[in-house]
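Enquirer: how would this look folded up:
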Amino acid sequence: MSRSKAPLAFGLAAAGGIGYYLYAAGGSPRAAEKQFESDAHTVAAKIKGEVPAQRQTHVEERARNAGAEVGSKIDKTVASINQDMSKAKSETEAYAKAAKADTLKKIDQFDRKVEEDASKAKGYLSSWFGSK
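Expert: Reported below is the predicted structural model:
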């Protein structure tokens, strides 16, 4: 089940806006708040002065449609990224499994060689000291 990523996008945009106003105000929260209120008032005045009431509903409808379109594009992109990530994860797991099997095989070969060499050395030492 896929959840909409639109709330995440709006949250990130809000965080970016807050960061912008704080940066522009030199880190002062009060100055940032005053600047935001001033900008919001200016934008509201422009919208009320330039956009008649009939067109305002049309603009709102277009904004909703654009938001839905952006949300669906974000959802598709996230789904694609998730699919690529799961593919990479499975490939990585397969590579790790193969590397582990190869390592264990090499360790077993080394152990056999050490045991063979140890038994030969034991035989040589035993022959020196007269044991059968």
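
Enquirer: can you give me the strands for this protein?
Expert: Along the chain, counting by DSSP state E, no stretch forms strands.

Enquirer: longest helix of it?
Expert: Ranked by residue count under DSSP state H, the longest helix found in the chain is helix 53-128.

Enquirer: For residue 114, give me its contacts.
Expert: Under the criterion of C-beta atoms under 8 Å, 6 or more residues apart in numbering, residue 114 has no contact partners. Using the backbone N, CA and C atoms, a C-beta is placed for each residue, glycine as well.

Enquirer: before we move on, what about residue 26?
Expert: If you count contacts by C-beta under 8 Å, 6+ apart, then residue 26 has nothing around it.

Enquirer: likewise the one 5 residues further on?
Expert: Listed by C-beta under 8 Å, 6+ apart, the contact partners of residue 31 are residue 25.

Enquirer: Return the distance of it relative to residue 37.
Expert: 11 Å (C-beta to C-beta, to the nearest Å).

Enquirer: try residue 10
Expert: As for residue 10, its distance to residue 37 is 20 Å (criterion: C-beta to C-beta).

Enquirer: Check residue 118 too.
Expert: For residue 118 relative to residue 37 (C-beta to C-beta), the value is 84 Å.

Enquirer: same deal with residue 64?
Expert: Counting by C-beta to C-beta, the gap from residue 64 to residue 37 is 25 Å.
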